[in-house]
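J.: After the sequence you'll find the predicted model.
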Amino acid sequence: DSSLPMDERRNYKGVVDTATRIAKEEGIAAFWRGSGPFVSRAMMVGVFQVATLDQFKQSYADWLGQKKNSIPNVFCAAMTSGLIYSVATMPLEASKNRMASQKRDAVTGKLPYTSTLQTLRSIIAKEGFFAFYNGFLPYYLRCGGHTVSMFIFVQILRDMYSNQS
């Protein structure tokens with residue numbers, strides 16, 4: 001609410017006030033606005049992170065002579081996996097953000113975006129395909145950083161567990 005211009009702020013008083021006002025003013029469905037592309041994006045993140053990590057670990061071991069599953073090996077593989085997943089999911093992230101922050105048309109009262117596919121098509125038609133990749137570098141830094149920290153932590157836990165056995 002505080003990021004909106006002054007004339008668009010709703011001036012919520014707290015969590016309970018926010019929830020009750022959203023339910024009354026926008027309807028219960030407003031709580032799930034943008035959840036379709038969020039779920040789609042989350043599935044794709046899992047697919048691209050997990051499916052590519054082990055392949056990149058082996059590739060970096062072969063190409064760079066890294067010891068597979070070493071921290072440098074996991075770091076390189078996770079950064080590359082994060083890059084692949086960022087490229088693949090950025091359109092869904094853009095759709096999610098547009099759907100979550102959309103406002104009803106003042107005349108018709110309709111929302112501009114109704115589904116993930118319709119949102120994707122609308123953005124491509126009005127702004128072009130590369131509009132999905134506005135802000136890619138910060139998105140990749142967030143995704144790559146998350147992927148690296150998660151997989152390095154998992155590798156450290158694996159190493160600790162295998163050393164105890």
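T.: Yes, it's here. Nothing here was measured: the structure is a model prediction, and the numbers come from that model.
J.: which residues touch residue 18?
T.: Contacts here follow CB atoms under 8 Å, 6 or more residues apart in numbering; on that basis residue 18 touches 10, 12. C-beta: built from backbone N, CA, C; applies to glycine.
J.: residues near residue 149, how many?
T.: Counted with other CB atoms under 10 Å, the neighbours of residue 149 add up to 12.
J.: For the helix or strand encompassing residue 45, name the packing helices and strands.
T.: Residue 45 belongs to helix 35-64 when assigned by DSSP states H and E. Judged by 3 or more CB pairs under 8 Å, 6 or more residues apart in numbering; DSSP states H and E, helix 35-64 is in contact with helix 71-101, helix 116-127, helix 136-164.
J.: change it to 6 Å
T.: Contacts defined by 3 or more CB pairs under 6 Å, 6 or more residues apart in numbering; DSSP states H and E place helix 35-64 against helix 71-101, helix 116-127.
J.: Give the buried residues for that helix.
T.: 36-38, 40-41, 44-45, 48-49, 52-53, 56-57, 59-61 (16 or more other CB atoms under 10 Å).
J.: I am finished for the moment; much appreciated.
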